[in-house]
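Student: got a predicted structure plus its sequence, pasted below:
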Number of protein chains: 4
Amino acid sequence: MGIRVAVAGASGYAGGELLRLLAGHPEFDLVAATAHSQAGTHVTTVHPQLAGLDLVLGATDAASLSDADLVFLALPHGQSAALAAQLPDSVKIVDLGADFRLRDAALWERYYGGAHAGTWTYGLPELPGRRELIAASSRVANTGCYAATITLALAPLIAAGVADPADVVVVASSGTSGAGRSAKVNLLASEVMGDLSPYKVGAHQHVPEIKQATGATSLSMTPVLAPMPRGILATVTARAVGDADPREVLLAAYGNEAFVHVLPEGSWPHTAATAGSNSCHLQATVDVDSGRIIVVSALDNLGKGAAGQAVQCANLMSGLPETMGLSVFGVAP
Amino acid sequence: MGIRVAVAGASGYAGGELLRLLAGHPEFDLVAATAHSQAGTHVTTVHPQLAGLDLVLGATDAASLSDADLVFLALPHGQSAALAAQLPDSVKIVDLGADFRLRDAALWERYYGGAHAGTWTYGLPELPGRRELIAASSRVANTGCYAATITLALAPLIAAGVADPADVVVVASSGTSGAGRSAKVNLLASEVMGDLSPYKVGAHQHVPEIKQATGATSLSMTPVLAPMPRGILATVTARAVGDADPREVLLAAYGNEAFVHVLPEGSWPHTAATAGSNSCHLQATVDVDSGRIIVVSALDNLGKGAAGQAVQCANLMSGLPETMGLSVFGVAP
Amino acid sequence: MGIRVAVAGASGYAGGELLRLLAGHPEFDLVAATAHSQAGTHVTTVHPQLAGLDLVLGATDAASLSDADLVFLALPHGQSAALAAQLPDSVKIVDLGADFRLRDAALWERYYGGAHAGTWTYGLPELPGRRELIAASSRVANTGCYAATITLALAPLIAAGVADPADVVVVASSGTSGAGRSAKVNLLASEVMGDLSPYKVGAHQHVPEIKQATGATSLSMTPVLAPMPRGILATVTARAVGDADPREVLLAAYGNEAFVHVLPEGSWPHTAATAGSNSCHLQATVDVDSGRIIVVSALDNLGKGAAGQAVQCANLMSGLPETMGLSVFGVAP
Amino acid sequence: MGIRVAVAGASGYAGGELLRLLAGHPEFDLVAATAHSQAGTHVTTVHPQLAGLDLVLGATDAASLSDADLVFLALPHGQSAALAAQLPDSVKIVDLGADFRLRDAALWERYYGGAHAGTWTYGLPELPGRRELIAASSRVANTGCYAATITLALAPLIAAGVADPADVVVVASSGTSGAGRSAKVNLLASEVMGDLSPYKVGAHQHVPEIKQATGATSLSMTPVLAPMPRGILATVTARAVGDADPREVLLAAYGNEAFVHVLPEGSWPHTAATAGSNSCHLQATVDVDSGRIIVVSALDNLGKGAAGQAVQCANLMSGLPETMGLSVFGVAP
């Protein structure tokens, strides 16, 4: 018999992707999934792509989760702490929300508002020394989707001293599932198809998380909504320090990783190649005019940017092979 | 050690999907993949979504395939016979092309041109009695993508005598991967996005295959190219014979199938829910004005419509569980 | 000084397209536009594509429209009658809603519910004798978007006796703007992109309108939502009566029309070619297997299917050249 | 009788958009359009959106253009000079290619290769003093599409001394029509839909043009191909000099312009709002973390980025109202 897992907040896009991954996982037994307004609904009404999975969504409360050894929280920001407090210490938790990511309570309050819930182990296994921390934790804060994309591109360069942490400029575009499943006019297909639309310009809430995870001290990040359901493409530029080859630094950092791929020279990451997978693709160069380092990073915001990363952390926390139940390969075209 | 498999014609979209499925299959060992102009190229150059798979494409000839116990042919129509003739009888073959699907040589010549290569076991396991035939065969002709979509919707209704085989009208729309990977102006993204475009109106080559597989005697089928990479949605209408509930007929036919799902009443199939899976979704009703039966069928043209179906057949031919290495669940959104 | 026009219900997609056309019309002066919840908002907040147009949305009531010689109603179905009743007889009205399209009150109640408001001149100028009726009317009911697409394809064939009115089967796919601008989960970009989704299968409310306009006596129509913002592609099939060439019938009907184009032989209509225009593209053939007539019809659901058609009618009602302020040419790619 | 105009290179996307604009222009009479491999073809075969325009494409040579008072060249880079040399001095020319944009021959050779053809009046009317220069010229080099987008955002800020010309970082995404109409696998719809793909990272050929037009001395520009047919969205960031409000600087520069709109505070440009128009939308802010200026600029790459801009220049060169035949309003959704 496997490890019993549950998903709180299963009606959204990250929740649906978690269900897909968990229903196919060799060692995790999906015992419960919960929702708010959709409680009592069969899961296939909410997620028709899961036709064949027989499960009714429960209410989002501790009782619904009481059979689980490990719980994934995929709740709106600010709602994880209250539910987590009701779960026994023996239950492991991976929180896909932002509540426990930041160490600095003041930054939390500035960017998210409300009281800071606390700080859990930050769940990005490919950072140095971090997979051991995750494996030893019973509470893990999964990364933000932009944060995962950008941190994987930037952290090794700052750590190696080849990128100036005081001059980082990022533009990152995301597919619409990153904006959630709320019915909003600006997210309607009619508005989005054929359109690129920036938002939260100059003030995105992932900025402090990325600075914390990478050591950047100044970060301009502009997010753009792109007409595709999944995927994030981040263009990360930083002033070069010295003349090291940034690609070599990335290769040294990720040469042995299963999910982070520094592409062959001349190949640039693009989002479709990562769709449905837990992989992140990277490439780097130096701009011929400005001399800035440019790293491009691509991943699936619901995969390595959310649900896939959460399963990867859960595998580590459960003593399972880190890659179990996750796909290295994207579904393309 | 597993069963050694190879893919001839791996540079196209169906070939790429086969590689993805085979690379993750528990019992098949992918030992070779071949291409024509791309021979000698690393597979990730052609299929960046397979980053992490270390394989160089070989030439499309018998020598490249000599280590395989089972070979998938994903070649342009008309090229399978010559290569198949060079493979030993002991090697099992699944042909994804049209060459061996039709029993009637005259129809082959009318719709495809050239000489008819022969007839192999038709590879649609969910037709009555067919999975046993497939399991006993060493040569299987995989279904066409439109044919799979429409046959699954129509065959049980004609077999049960509730749909008139002499009056079938179908309109089916396909994502662009169904049109292949050739560089043609009409398939450019600039032309396709925001566009619906009919083609081969009144004369599609899958018509005789569908008639053969379903028993229809008159079939009007209009194919439409839709602005999405994957998926086929077929609206299959037929004059009703008697007043049986067509949904009940489908439920009776597919109630125990892993991959064919008759949706709950009120839910209609849509393509995105099947993307990346080997599932086909069905729903049926009777039109209030005309009294015609309407069945809507959706699947992934590269999944149940091509590569997934081929792996399902290969599982049967190899004595493996039919569902091995295939996903019931779609990747959505 | 020109003819003063106003738009009631300007916050939706058809309303926005009306504003675009009217703001560029040489003889119509746009004097007012109204909305419900958006009343008091600057028009560019609601329609950013109209940047440069200085207009504040008024409340949807007779007072807001009192300066207009001609009023366009782009209101939800069922709301036109109450407002129309408050406008003086001297004010001309084009209703883009369904309220006044049907002659048969019982059919109205069956398909739309509620009481039938009445019957106005049906606004499809290319039907025989109709542009004179429209020119003589002060109240015109604009066509439904599906109805325009299908009627233009079918009416001449039934009138000429070459298509059997008792056996018509239509599948028509529409871009998402046809579904309106309400915030609904099923219309979110994440759900729609990469997806084809049928709806109201076997029971669409345009069926009685199309039967009334074409003379069809049995009509099966399946609508499909397609992943594009604009455009309708209808595949209209009917049992052939005799062996007349359906394309010749269409050429005879539309040879002198500015906006209805029977394409050269071998060219098939596709929606993108009509985007932003008031044109409808048609082509016809006879199916080689079934002998059925197949007509494909494409137009812009917001153009010839709604706002463009309304302006065309308004031109006729105002004694202006029928094509004034309308584009024959599509915006493509 | 109007001014006779012709388009050399009318089979591509910019050429098609030129034909659409010219066919609807009140004062320009379209007398000829030419193509290379498509010479002799009816224009609607190449551009089905122009159904209703009766014109056969001629060969691309001086004879085909001999009736024109003004010629638009929409040829591949490097081919304009040879044809221009064959046209009499009395014929006005607007070149949509890059051949005559750069003043510095060495930069031309570095970024484009081959010999530098010369330098014509740079055709961006909204730059200070430039519309008078254009009006006085008989040879105008139209801007590049990225260059127009970025220059309109950046030039006033550098001119006003509020943005550091030595530290400009741009990421700009373009719809696929910007990549032209050549049949290439990487531009297939199957590859592009659902995908964001960077290209020419760190070395785009518009960089010297933008530096020349804006005064920037260091410019990192990363272009990204986006899954939409039209539109460019540029995120332009620069280190702030002083604490002036960048939005006020843009308002001062463009307050009286018909086609350049600084949006209301809180509204950000998005590409769909500019589709089919000759407008550019701008907004600016200062990043809260880094203090960098961020300007977002959106336009239609075929409109203000190519054909629309060319017509605007031609209007000026012909003594016509600058806005004639051009739309301020976008076609949306």
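Tutor: Done, it's in.
Student: how far does the longest strand belonging to chain A sit from the chain's center?
Tutor: Determined from DSSP state E, the single longest strand within chain A is strand A:163-174. Offset of strand A:163-174 from its chain centre (CA atoms, centre = their mean, to the nearest Å): 18 Å.
Student: just stretch A:295-305 next, same as before
Tutor: 8 Å.
Student: for it, how far is the first residue from the last?
Tutor: With CA to CA, to the nearest Å as the measure, stretch A:295-305 spans 17 Å from end to end.
Student: same check, this time on stretch A:236-252
Tutor: Stretch A:236-252: ends 19 Å apart by CA to CA.
Student: give me the mean pLDDT for that stretch.
Tutor: For stretch A:236-252, mean pLDDT is 97.
Student: likewise for stretch A:300-311?
Tutor: Mean predicted confidence for stretch A:300-311 is 98.
Student: the longest strand of chain A packs against which elements?
Tutor: Helices and strands touching strand A:163-174, by 3 or more CB pairs under 8 Å, 6 or more residues apart in numbering or on different chains; DSSP states H and E, are helix A:145-159, strand A:219-225, strand A:232-240, strand D:163-174. In short, each C-beta sits where N, CA and C put it, glycine included.
Student: could these go into JSON lines alongside mean neighbour count?
Tutor: Compiled in JSON lines, these are given as follows (neighbours: other CB atoms under 10 Å in any protein chain shown):
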{"stretch": "helix A:145-159", "mean neighbour count": "27"}
{"stretch": "strand A:219-225", "mean neighbour count": "25"}
{"stretch": "strand A:232-240", "mean neighbour count": "27"}
{"stretch": "strand D:163-174", "mean neighbour count": "25"}
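Student: closest to residue D:4 out of those?
Tutor: Residue D:4 lies closest, by CB to CB, to one member of the helices and strands packed on strand A:163-174: strand D:163-174, at 32.8 Å.
Student: partners of the closest one, with directions?
Tutor: strand D:219-225 (parallel), strand D:232-240 (antiparallel) (DSSP bridges).
Student: and of these, who's closest to residue A:302?
Tutor: strand D:219-225 (20.6 Å).
Student: tell me who's in contact with the residue in chain A sticking out farthest from the centre.
Tutor: Here chain A reaches farthest from its C-alpha mean at residue A:289, the gap being 33.0 Å by CA atoms, centre = their mean. For residue A:289, the contact set (CB atoms under 8 Å, 6 or more residues apart in numbering or on different chains) comprises D:202, D:207, D:211, D:218, D:219, D:220, D:221.
Student: redo that, cut-off 10 Å
Tutor: D:168, D:202-204, D:207-208, D:210-211, D:216-221 (CB atoms under 10 Å, 6 or more residues apart in numbering or on different chains).
Student: out of the helices and strands packed on strand A:163-174, nearest to residue A:256?
Tutor: Nearest of those (CB to CB): helix A:145-159, 13.3 Å.
Student: give me the mean pLDDT for the closest one.
Tutor: The predicted model assigns helix A:145-159 a mean pLDDT of 98.
Student: over to stretch A:131-142?
Tutor: For stretch A:131-142, the per-residue pLDDT averages 98.
Student: sec struct for residue A:177, please.
Tutor: helix (DSSP: H, G, I helix; E, B strand; the rest coil).
Student: around it, how many other residues sit close by?
Tutor: 30 (other CB atoms under 10 Å in any protein chain shown).
Student: separation between it and chain B?
Tutor: In this view, residue A:177 and chain B are 5 Å apart by CB to the nearest CB, to the nearest Å.
Student: now do the contacts for that residue.
Tutor: Taking CB under 10 Å, 6+ apart as the test, what residue A:177 contacts is A:12-14, A:16-17, A:145, A:187, A:228-231, A:300-302, A:305-306, B:332-333, C:188-191, C:193.
Student: now with 6 Å, please.
Tutor: A:13, A:229, A:230, A:302, B:333, C:190 (CB atoms under 6 Å, 6 or more residues apart in numbering or on different chains).
Student: thinking again about what came up before, can I get the longest strand of chain A in CSV? Just the C-alpha atoms.
Tutor: C-alpha atoms of strand A:163-174 as CSV (Å, rounded to 0.1, in the frame of the first residue of the first chain):
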residue,chain,number,x,y,z
ALA,A,163,26.2,38.5,-12.9
ASP,A,164,25.8,41.7,-11.0
PRO,A,165,23.0,41.2,-8.4
ALA,A,166,22.4,45.0,-8.4
ASP,A,167,21.3,45.2,-12.0
VAL,A,168,18.8,42.5,-13.0
VAL,A,169,16.1,43.2,-15.6
VAL,A,170,13.5,40.5,-16.3
VAL,A,171,10.6,40.3,-18.7
ALA,A,172,8.6,37.1,-18.3
SER,A,173,5.5,36.0,-20.2
SER,A,174,3.0,33.5,-18.9
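Student: pLDDT below threshold where in the stretch 51-200 of chain A?
Tutor: Within the stretch 51-200 of chain A, no range satisfies pLDDT under 70.
Student: in it, which spans are strands?
Tutor: Along the stretch 51-200 of chain A, counting by DSSP state E, counting those that start in this stretch, strands occupy A:58-59, A:70-73, A:92-95, A:121-123, A:139-142, A:163-174, A:197-198.
Student: give me the buried positions along the third one.
Tutor: The reference is to strand A:92-95. Under the neighbour-count criterion of 16 or more other CB atoms under 10 Å in any protein chain shown, strand A:92-95 has A:92, A:93, A:94, A:95 buried.
Student: CSV for those residues, including distance to chain C?
Tutor: CSV is the format used below for these (distance: CB to the nearest CB, whole Å):
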residue, distance to chain C
A:92, 30
A:93, 27
A:94, 23
A:95, 23
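Student: check the residues you listed and tell me the two furthest apart.
Tutor: Farthest pair in the buried residues of strand A:92-95, by CB to CB: A:92 and A:95, 10.9 Å.
Student: just to revisit the earlier point, closest one to residue C:244 among the strands of the stretch 51-200 of chain A?
Tutor: Nearest to residue C:244, of these and by CB to CB, is strand A:197-198 at 50.8 Å.
Student: so what strands line up beside the closest one?
Tutor: strand A:219-225 (antiparallel).
Student: which ones are touching residue A:133?
Tutor: Per CB under 6 Å, 6+ apart, neighbours of residue A:133: residue A:121.
Student: tell me how far it lies from chain C.
Tutor: Taken as CB to the nearest CB, the span from residue A:133 to chain C is 33 Å.
Student: and chain A, which residues reach chain D?
Tutor: A:169, A:171, A:173, A:190-191, A:194-198, A:201-203, A:207, A:218-220, A:222, A:226-228, A:233, A:235, A:237, A:268, A:270-272, A:285, A:287-290, A:292, A:294, A:296, A:333 (CB under 6 Å from any CB of the partner chain).
Student: so which residues on chain A come close to chain B?
Tutor: Applying CB under 6 Å from any CB, we find that chain A lies next to chain B at A:20, A:48-52, A:177, A:229, A:261, A:273, A:276, A:328-333.
Student: if any of those residues are buried, put those into a PyMOL selection.
Tutor: The PyMOL selection below is limited to those of these classed as buried (16+ other CB under 10 Å):
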select buried, chain A and resi 20+48+49+50+51+52+177+229+261+273+276+328+329+330+331+332+333
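Student: next, the contact list for residue A:51, please.
Tutor: Here residue A:51 is in contact with A:44, B:261 (CB under 6 Å, 6+ apart).
Student: do that again at 7 Å, thanks
Tutor: A:44, B:261, B:263, B:273, B:279, B:281 (CB atoms under 7 Å, 6 or more residues apart in numbering or on different chains).
Student: narrow these to those in strands?
Tutor: Filtering the contacts of residue A:51 for strands - DSSP E - leaves B:261, B:281.
Student: JSON lines for the contacts of residue A:51, including pLDDT and distance to residue D:111?
Tutor: Formatted as JSON lines, these follow (pLDDT from 0 to 100; distance: CB to CB, whole Å):
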{"residue": "A:44", "pLDDT": "97", "distance to residue D:111": "55"}
{"residue": "B:261", "pLDDT": "98", "distance to residue D:111": "55"}
{"residue": "B:263", "pLDDT": "98", "distance to residue D:111": "56"}
{"residue": "B:273", "pLDDT": "98", "distance to residue D:111": "47"}
{"residue": "B:279", "pLDDT": "98", "distance to residue D:111": "50"}
{"residue": "B:281", "pLDDT": "98", "distance to residue D:111": "51"}
